[in-house]
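Asker: Quick check, what structure comes out for this input:
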Amino acid sequence: MAGNGRRGTDGKAAAGDRHYVLVCSLCGDRRPDDGLILDCPRDHPPALLRTEYANPRFTPDQAYDGLFRYRDWLPVVRAPRSTGRGVVYRSRGLAAALGLPRLWIAFNGYWPERGASLVTGTFKEFEALTVLGRLPRREHVLTVASSGNTAAAFAWVCSRQRVPCLIVVSGKGLGRLRFPGTLDPCVTLVVIDDGDYPDAIALASSISRLPPFLAEGGVKNVGRRDGLATVLLTAYEEMRCLPTHYFQAVGSGTGAIAVLEAARRIGVAAGGLPLPRLMLCQNLPFTPIHDAWRMGETVREPELTDGFRESIAKVHADELTNWAPPYGIRAGVHDALRDSDGDVLVADNASVVVARNMFRELEGIDIEPAAGVAVACLRDAVAQGKVDRDAVVLLNITGGGRRRLATDRPLVGARPHWRLTKDALAEAGLAQRIAARRT
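Answerer: I've put the predicted structure just below:
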């Protein structure tokens, strides 16, 4: 059984007591969490772990603002009372233009007039807050790889909470690391100027194998997924129902997996509800999830060839360029699409630019390239008759409001501690040198 979830008034769990257990999606193994577990220890093919909470009811805590109002369904032992938050509202402008009167928008960025207060402009803040809230109090240096948005979220949240971290980001993503203040020295930033997301992943992986560094874990970290799942919890609280269709742009697909896990949890709490159809969106010409889904593959590990790098370089939404998404792993993207009767859609760069402008004009706020991919795919799906007029649609705007934030306050760009080239990654002992300087 999970712990009883006893907590003090500061939001901390009682010593040694977590209000959930970890359950393997393949073998059903159940075990308590220490805040660090990423994999099932049993001998079987890879499978994601899931959380099972002591409280099966949907009971938002009104004493908390933002993410941790859902702390009963978050794998955390620390829960700050006030954090950034997204907002879910019923669309008027975009809904009318698309002919979708029951279109709801989950806006996850900065838009104070609407009540959205994520100062990194991305829903990745939910991941970072929950991952940090899950960690035990030990002397680790959290290691994170990113194409930009995840780096921004972890850099800002770790800085505010003074949690040591080392972040490796591709050069194109550095521009997203602009904040309302300077970062705390606990954050170390490594930039690969001419590198791509896969290069950042490889270097971060090498460093994380050295003590005292700790791999953040990506999709395997239940903190990441359950943090992102709060997008649907917020929507359910506002809409009083689950959507019939859920649209989101995806790189890894972690957020989509999380939404389906949340929908299952809500369905149990409500006595049974149909799952929303996951409508996942990718940016041509870089579409590994779309290609695998169309070809009926269950496992796909592409080689990082020059041609693959060229397609990465051509997309408008470079934050979606995860070359090895968790597609074939048990309870991963393929299973989520199958279980939800979902689909994967694509949009080209020109359509994405039009969609971003359309959203700004009709809804009144700037959105990030990835969110533009979702808007473009939704528009195409409606035009192609893939979404009925009476559908209850939830559109996840995964990032936005960065221009709006820049008009409110001056932003400070992050200063890298290391600037590397791809050629430098082949140097012997590079990971050790970075680690030695950081510690």
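Asker: Would you mind listing where this structure has pLDDT under the threshold?
Answerer: 1-16, 297-306, 439 (pLDDT under 70).
Asker: Show me the helices in it, by range?
Answerer: 93-98, 124-134, 149-161, 197-208, 222-239, 254-269, 288-295, 306-314, 333-339, 349-363, 369-383, 402-408, 430-438 (DSSP state H).
Asker: I'd like the ones you listed laid out as CSV, including mean neighbour count.
Answerer: No exception for glycine: its C-beta is placed from N, CA and C like everyone else's. Supplementary listing: those in CSV, determined by neighbours: other C-beta atoms under 10 Å:
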stretch, mean neighbour count
helix 93-98, 17
helix 124-134, 28
helix 149-161, 25
helix 197-208, 21
helix 222-239, 25
helix 254-269, 23
helix 288-295, 18
helix 306-314, 14
helix 333-339, 20
helix 349-363, 18
helix 369-383, 25
helix 402-408, 15
helix 430-438, 16
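Asker: Gly171 is nearest to which of the ones you listed?
Answerer: helix 197-208 (9.6 Å; C-beta to C-beta).
Asker: Distance check, Ser25 against Arg137.
Answerer: To Arg137, Ser25 is 29 Å away according to C-beta to C-beta, to the nearest Å.
Asker: Leu103 now?
Answerer: From Leu103 to Arg137 the distance is 44 Å (C-beta to C-beta).
Asker: same question, Arg409
Answerer: Counting by C-beta to C-beta, the gap from Arg409 to Arg137 is 32 Å.
Asker: what about Glu52, how many neighbours?
Answerer: For Glu52, the count of nearby residues is 13 (other C-beta atoms under 10 Å).
Asker: How about the contacts made by the closest residue to Thr143 other than its chain neighbours?
Answerer: Closest residue in space to Thr143, ignoring its immediate chain neighbours: Ser208 at 4.1 Å, by C-beta to C-beta, 6 or more residues apart in numbering. Counting by C-beta atoms under 8 Å, 6 or more residues apart in numbering, Ser208 makes contact with Thr143, Leu214, Ala215.
Asker: one step back: more neighbours: Ser25 and Arg137, which one.
Answerer: Neighbour count, other C-beta under 10 Å: between Ser25 and Arg137, Ser25 has more, with 17 against 9.
Asker: Please list all residues in contact with the closest residue to that one other than its chain neighbours.
Answerer: Leaving out its chain neighbours, the residue that sits closest to Ser25 by C-beta to C-beta, 6+ apart is Ala331, at 3.7 Å. Applying C-beta under 8 Å, 6+ apart to Ala331 gives the contacts Ser25, Leu26, Ala47, Leu48, Arg50, Ile257.
Asker: can we see that at 7 Å?
Answerer: By C-beta atoms under 7 Å, 6 or more residues apart in numbering, the contact list for Ala331 reads Ser25, Ala47, Leu48, Arg50.
Asker: wait, the second one sits on Gly28?
Answerer: No: counting by C-beta atoms under 7 Å, Ala47 stays clear of Gly28, with 10.1 Å between them.
Asker: Pick out whichever of these two has more residues nearby.
Answerer: Under the criterion of other C-beta under 10 Å, the comparison of Ala47 against Gly28 puts Ala47 first, with 20 against 9.
Asker: hang on, Phe126 packs against Thr230?
Answerer: Yes: here Phe126 reaches Thr230: they are 5.7 Å apart, a contact under C-beta under 7 Å.
Asker: which residues do the two both contact?
Answerer: What both Phe126 and Thr230 touch, as defined by C-beta under 7 Å, 6+ apart, is the set Leu67.
Asker: From Val382, how far off is Ser340?
Answerer: For Ser340, the distance to Val382 - C-beta to C-beta - is 19 Å.
Asker: what about stretch 39-48, start to end distance?
Answerer: 7 Å (C-alpha to C-alpha, to the nearest Å).
Asker: Next, the buried residues of that stretch.
Answerer: If you call a residue buried by 16 or more other C-beta atoms under 10 Å, then stretch 39-48 has these buried ones: Cys40, Ala47, Leu48.
Asker: which residues sit against it?
Answerer: Cys24, Ser25, Leu26, Cys27, Asp29, Leu49, Val219, Lys220, Ile329, Arg330, Ala331, Gly332.
Asker: can you rerun that using 6 Å?
Answerer: Cys24, Ser25, Leu26, Cys27, Asp29, Ile329, Arg330, Ala331 (C-beta atoms under 6 Å, 6 or more residues apart in numbering).
Asker: what's the offset of that stretch from the middle of its chain?
Answerer: Chain-centre distance of stretch 39-48: 22 Å, with C-alpha atoms, centre = their mean, to the nearest Å.
Asker: And stretch 217-227, by the same measure?
Answerer: 8 Å.
Asker: these two touch, right, Val231 and Phe107?
Answerer: No: judged on C-beta atoms under 6 Å, Val231 makes no contact with Phe107 at a distance of 10.1 Å.
Asker: Mutual contacts of the two, please.
Answerer: Joint contacts of Val231 and Phe107 (C-beta under 6 Å, 6+ apart) do not exist.
Asker: Can you tell me which of the helices of the chain is nearest to Val392?
Answerer: Val392 sits nearest to helix 222-239 of all the helices of the chain, at 7.4 Å, using C-beta to C-beta.
Asker: what helices or strands is the closest one leaning on?
Answerer: Secondary-structure packing of helix 222-239 (3 or more C-beta pairs under 6 Å, 6 or more residues apart in numbering; DSSP states H and E): strand 49-53, strand 87-90, strand 103-107, helix 124-134, helix 254-269.
Asker: 10 Å - rerun?
Answerer: Applying 3 or more C-beta pairs under 10 Å, 6 or more residues apart in numbering; DSSP states H and E, one finds that helix 222-239 contacts strand 20-24, strand 49-53, strand 87-90, strand 103-107, helix 124-134, strand 245-249, helix 254-269, strand 393-397.
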